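>>> Here is a sequence together with a model predicted from it:
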There are 6 protein chains.
Amino acid sequence: MSKKKSSNPRFSHLDPQGKARMVDVTGKPDQYRKAVATARLSCQPGTLRALRRQALPKGDVLTVAQIAGIQAAKRTAELIPLCHSLCLSHVAIQFQLTSRTVEVHCTAETRAGTGVEMEALTGATLAALALYDMCKAIDRTMTIEGVRVVEKIKK
Amino acid sequence: MSKKKSSNPRFSHLDPQGKARMVDVTGKPDQYRKAVATARLSCQPGTLRALRRQALPKGDVLTVAQIAGIQAAKRTAELIPLCHSLCLSHVAIQFQLTSRTVEVHCTAETRAGTGVEMEALTGATLAALALYDMCKAIDRTMTIEGVRVVEKIKK
Amino acid sequence: MSKKKSSNPRFSHLDPQGKARMVDVTGKPDQYRKAVATARLSCQPGTLRALRRQALPKGDVLTVAQIAGIQAAKRTAELIPLCHSLCLSHVAIQFQLTSRTVEVHCTAETRAGTGVEMEALTGATLAALALYDMCKAIDRTMTIEGVRVVEKIKK
Amino acid sequence: MSKKKSSNPRFSHLDPQGKARMVDVTGKPDQYRKAVATARLSCQPGTLRALRRQALPKGDVLTVAQIAGIQAAKRTAELIPLCHSLCLSHVAIQFQLTSRTVEVHCTAETRAGTGVEMEALTGATLAALALYDMCKAIDRTMTIEGVRVVEKIKK
Amino acid sequence: MSKKKSSNPRFSHLDPQGKARMVDVTGKPDQYRKAVATARLSCQPGTLRALRRQALPKGDVLTVAQIAGIQAAKRTAELIPLCHSLCLSHVAIQFQLTSRTVEVHCTAETRAGTGVEMEALTGATLAALALYDMCKAIDRTMTIEGVRVVEKIKK
Amino acid sequence: MSKKKSSNPRFSHLDPQGKARMVDVTGKPDQYRKAVATARLSCQPGTLRALRRQALPKGDVLTVAQIAGIQAAKRTAELIPLCHSLCLSHVAIQFQLTSRTVEVHCTAETRAGTGVEMEALTGATLAALALYDMCKAIDRTMTIEGVRVVEKIKK
């Protein structure tokens, strides 16, 4: 997208004077919108071993993070100032564990006049932050990496 | 911290059966608490050049992100399920720009019976997500990296 | 509904592995939806006599409870983790007093792809809790009973 | 409490004209406050059997309800109009299952100038409503009963 | 509007008994709706001179107020008890400075079954209050005046 | 206050570069704080006559506005970006009616390290906006005037 216009890319959220603004989507038709975003909690190997041994048998830690992500995705417009309020028809959070990371995937879907990548990003990030919160007592070296959109669909 | 106890580190947010729980801070005295967290928005060089040319002269983009971060830090307990509500006495958001990144620093301070690292992390992350939102029209390759606590004080 | 499938009823909010999930209503058409729920505050007779004498002439107590119910119904998706955000076209709260009870009725209506019984239940319940709050100084034996859906329409 | 004053019990939330008001707790010292409340989801036996078979092995359903209860308890002042904002030092939600019911216990604690029974009631009730939401696809006859305060301490 | 019916004007938010109610917009078709509202912060001349010298070069003060207004407009249904939740397709806040006043204009737009004048009024008012907050350390005589709807369109 | 320093008044919310910031109240002792603010809804005489005839006998309209004001005052820190979260120990809303106006008084009190004038202003303003909402069907000429702080105490 930025390639063709690279000499003068336009920020949709800035007016010609460089002032921030909410994009006007009044005229846009409702369309199916989907976005998938990821975030990765990077931990010490001992943290993940402890998590697998103490927490995962009951499943609680991941469920708490899942709910944090779903709730945040629904409230994205309260958190991101220039986002539009919209009613998501679906939010799903999934986790993949490796020896050092918990990868979070958040899928957001709706029919609306504006995309939902911020909803997916917000859901993935808050799920990762909730995991961080629950693990911080045993690992102060955790970081969250790779927060990005991996899929965006409009049809 | 995890070193001494590495054979059996304890998650403060898990009971002995592995169930998630809110930590009971009823008996803890109020103390001065401070935490600083960072998050880094990684962009294409053209994005930052455009940002500097179109947005930064007015300052708006960074101010919008700053407000997003401050507002989110104040509402951390609504976003992170097992966090305690507390009244922050100070939240500050600062930005450093390089040729490819915007680094966000969030400082949270209070007097309370529990730490404020989740407040600092939430503030830094939401400021970075708000920046992402404002730049996404011209750069679909952005990621947020390095979300972590860089300072934590209790006295 | 549960009769035919009683050998193996399905929880729409659980995936085949028993994990909680938000139901995907992306494909569902918007339809008129209505639900009515009730909740009953059960008090000592003296409480209701005092309420009638001191509070009801001004009407305030019931109005405060009505507003609590309407406001909660509108925010159901923030309170019930797997509920979808939706825009209610109508919420009404009504009260019936007997010698020992205040019965709350909450009607919620919308056009959406998902039902509104949780909105009606949340409205009725929070109205009853707000009444409880205002009466608790004179009656510590109150209970809330009979929270249920009494009507559900889709057309 | 209502016994001695039964000839003329006073509603703390009503002024002498019967108008609703927020109680002024400005002069009250901070004290340890604890309240425990319960709510009971009453289901068909088949619902509880299905819950035990499909949902409880993963624990998700109860964890989702626990988080709903904790989050609601923290936001009680937003939901109950005349409640004071306060910072809870602990919220705990516990569940007991019988053949026909899920009993929810919510404990709320703080140091403040006002009690926390509304926080405990709100937490217990919203946890029960979240359970209702997750089970409603297989049981339309559920009700919530017995919402009440079972313990209240100030010292 | 009030002219024809002046002998007996009807409050849409009151039932025949004078009880407040939410208007039922279930049957109303979605239409384009726009409203513009204004609010005016009236200051001492020295305040505006200081604002121009210290704050306006960076633009921050107005941007903070703009974000406060946009965020409040999106959450109007949480703030005004009998308002309907709706998803605004556009909110814009603009400022005009004279020697003694900052005039705020808020435009709200959507497609919905109900008007958006309360959204425009709430956005303009909260932007003015946010300005007040930032200037109150140097001017205790400020007032907000002229909060009103200046345009309302339905088509 | 602005008199002594009139040659160079300082905005506490601006840093030396003119950037907006949250004031750091970390070191400030908790003190009793009180503020009273007013707002005035100005109507056509017929509106107030209709209000007195249809609405005031039941009291509802003023009670709804009172609750809107109390709820908003408690949530001021969510609405005014640079305000600190704090727990109000008392909020009271009162109304005075003349032939053309409804005057709203909001009193906010707390013990905290920062003042509560924004809480009082927010409460008064939202109560006036809620009144506007309920009367707008019969009077399109209403305005809100005179939003200001009338008393501020710290001791």
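Everything's here; your move. Numbering: from 1, shown residues only, chains lettered A, B, ... in the order given.
>>> Poorly predicted segments of chain A, please.
By pLDDT under 70, the low-scoring segments of chain A are A:1-8, A:58-59.
>>> longest helix of it?
Counting residues, the longest helix found in chain A (DSSP state H) is helix A:117-135.
>>> near chain B at all, it?
Yes - shown here: helix A:117-135 in contact with chain B (CB under 8 Å from any CB of the partner chain) through A:117-118, A:121-122, A:125-126, A:128-130, A:132-135. (Each C-beta comes from the backbone N, C-alpha and C, glycine too.)
>>> Can you flag the buried ones in the residues you listed?
Buried members of those, counted by 16 or more other CB atoms under 10 Å in any protein chain shown: A:117-118, A:121-122, A:125-126, A:128-130, A:132-135.
>>> ok, those vs chain E, which is closest?
Checking these against chain E with CB to the nearest CB, the nearest one is A:Met118 at 13.6 Å.
>>> So which residues on chain A come close to chain C?
Within chain A, the positions lying close to chain C (CB under 8 Å from any CB) are A:32, A:59, A:63, A:66-67, A:70-71, A:74-75, A:86-92, A:109-111.
>>> Which ones among those residues also lie next to chain E?
Okay, of those touching chain E (CB under 8 Å from any CB), that's A:Leu86, A:Cys87.
>>> Buried subset of the residues of chain A next to chain C, written for ChimeraX?
Applying 16+ other CB under 10 Å to the residues of chain A next to chain C, the buried members can be selected in ChimeraX as follows:
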select /A:59,63,66,67,70,71,74,75,86,87,88,89,90,91,92,109,110,111
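>>> Out of the residues of chain A next to chain C, name the ones that lie in helices.
The helices, defined by DSSP H, take in A:Thr63, A:Gln66, A:Ile67, A:Ile70, A:Gln71, A:Lys74 from these.
>>> surely the last one meets A:Val91?
Yes - contact criterion CB atoms under 8 Å: A:Lys74 and A:Val91 qualify, at 6.7 Å.
>>> residues bridging contact with those two, i.e. touching both?
A:Glu119 (CB atoms under 8 Å, 6 or more residues apart in numbering or on different chains).
>>> For E:Glu78, see how far away A:Gly18 is.
To E:Glu78, A:Gly18 is 32 Å away according to CB to CB, to the nearest Å.
>>> between the two, who's got more neighbours?
For A:Gly18 versus E:Glu78, neighbours defined as other CB atoms under 10 Å in any protein chain shown are more numerous around E:Glu78 (22 against 18).
>>> sec struct for that one, please.
Of the three states, E:Glu78 takes helix according to DSSP: H, G, I helix; E, B strand; the rest coil.
>>> can you check A:Val25 too?
Three-state call for A:Val25 (three-state DSSP): coil.
>>> which one is it nearest to, not counting chain neighbours?
In space, and not counting its chain neighbours, A:Val25 is closest to A:Gly113: 4.3 Å by CB to CB, 6 or more residues apart in numbering or on different chains.
>>> A:Ala55 too?
A:Val61 (4.2 Å).
>>> I figured the one you found hits B:Leu14, correct?
Yes - in this structure, A:Val61 is within contact of B:Leu14 by CB under 8 Å, at 7.2 Å.
>>> what touches both of these two?
A:Ala55, A:Met134, B:Ala20.
>>> Looking at these, which is nearest chain C?
B:Ala20 (13.6 Å).
>>> What lies in contact with the helix or strand A:Gly46 falls within?
Following DSSP states H and E, one finds A:Gly46 within helix A:45-50. Contacting residues not belonging to helix A:45-50 are listed as A:97-102, A:135, A:138-139, A:142, B:2, B:6, B:9, B:11 [CB under 8 Å, 6+ apart].
>>> Give me the distance from that helix to the chain's centre.
In terms of CA atoms, centre = their mean, to the nearest Å, the centre of helix A:45-50 is found 24 Å from the chain centre.
>>> Check which residues of it are buried.
Across helix A:45-50, burial judged by 16+ other CB under 10 Å covers A:Gly46, A:Thr47, A:Leu48, A:Ala50.
>>> so which of those residues comes closest to chain D?
Set against chain D, the nearest of those by CB to the nearest CB is A:Ala50 (18.2 Å).
>>> So for chain A, the centremost residue is which one?
Chain A has A:Leu121 as the residue nearest its centroid, 2.0 Å off, counting by CA atoms, centre = their mean.
>>> Would you check that it makes contact with B:Tyr132?
Yes - applying CB under 8 Å, one finds A:Leu121 in contact with B:Tyr132, separated by 6.7 Å.
>>> Might you report the residue contacts of the residue of chain A found nearest chain F?
Nearest residue of chain A to chain F, counting by CB to the nearest CB: A:Glu78, 8.6 Å away. Contact analysis of A:Glu78 by CB under 8 Å, 6+ apart lists E:Gln71, E:Lys74, E:Arg75.
>>> out of those residues, who's near chain F?
Within the contacts of A:Glu78, those near chain F by CB under 8 Å from any CB are E:Gln71.
>>> mind listing what the nearest residue to A:Lys28 once chain neighbours are set aside touches?
Distances taken as CB to CB, 6+ apart put A:Gly113 closest to A:Lys28, at 3.5 Å, once the chain neighbours are dropped. For A:Gly113, the contact set (CB under 8 Å, 6+ apart) comprises A:Val25, A:Thr26, A:Lys28, A:Pro29, A:Asp30, A:Gln31, A:His84, E:Ser89.
>>> before we move on, what about A:Thr107?
A:Lys34, A:Ala35, A:Val36, A:His90, A:Val91, A:Ala92, A:Ile93, A:Gln94, A:Ala120 are the contacts of A:Thr107 under CB under 8 Å, 6+ apart.
>>> What separation do you get for A:Ala137 and B:Thr125?
Remark: distance between A:Ala137 and B:Thr125 (CB to CB) = 20 Å.
>>> and the helix or strand A:Glu103 falls within with helix A:117-135, angle?
In the assignment (DSSP H and E), A:Glu103 maps to strand A:101-112. Counting by axes from the mean of the first three to the mean of the last three CA atoms, to 10 degrees, strand A:101-112 lies at 150 degrees to helix A:117-135.
>>> Can I get strand A:101-112 in CSV, CA atoms only?
The C-alpha coordinates for strand A:101-112 follow below in CSV (Å, rounded to 0.1, in the frame of the first residue of the first chain):
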residue,chain,number,x,y,z
THR,A,101,6.9,-18.3,24.7
VAL,A,102,3.2,-18.1,24.8
GLU,A,103,1.9,-16.9,21.5
VAL,A,104,-1.6,-15.2,21.6
HIS,A,105,-3.8,-15.1,18.5
CYS,A,106,-6.9,-12.8,18.5
THR,A,107,-9.5,-12.9,15.8
ALA,A,108,-12.1,-10.2,15.6
GLU,A,109,-15.0,-10.1,13.2
THR,A,110,-17.9,-7.9,12.4
ARG,A,111,-20.0,-6.3,9.7
ALA,A,112,-19.2,-2.6,9.8
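>>> now A:Leu56, nearest residue through space, not along the chain?
Spatial nearest neighbour of A:Leu56, chain neighbours left out: A:Leu62 (7.2 Å); criterion: CB to CB, 6+ apart.
>>> Pull the contacting residues for that neighbour.
A:Leu56, A:Phe95, A:Leu131.
>>> Quick check, A:Thr26 in contact with E:Leu88.
No - with contact defined as CB under 8 Å, A:Thr26 and E:Leu88 do not form a contacting pair (9.2 Å).
>>> Give me the residues contacting stretch A:139-146.
A:38-44, A:46-47, A:125, A:128-129, A:132, A:135-136, B:1-2, B:9, B:39, B:125, B:143-149, B:152.
>>> So how do I select the buried members of these in PyMOL?
Burial among the contacts of stretch A:139-146 is assessed by 16+ other CB under 10 Å; the matching PyMOL selection reads:
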select buried, (chain A and resi 38+39+40+41+42+43+44+46+47+125+128+129+132+135+136) or (chain B and resi 2+9+39+125+143+144+145+146+147+148+149+152)
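>>> Give me the common contacts of A:Leu121 and B:Tyr132.
By CB under 8 Å, 6+ apart, no residue touches both A:Leu121 and B:Tyr132.
>>> about what we covered before: what is the nearest of the contacts of A:Glu78 to chain A?
E:Lys74 (5.2 Å).
>>> related to what we said a few turns ago, the residue nearest to A:Ala55: which element?
Going by DSSP H and E, A:Val61 is in helix A:60-74.
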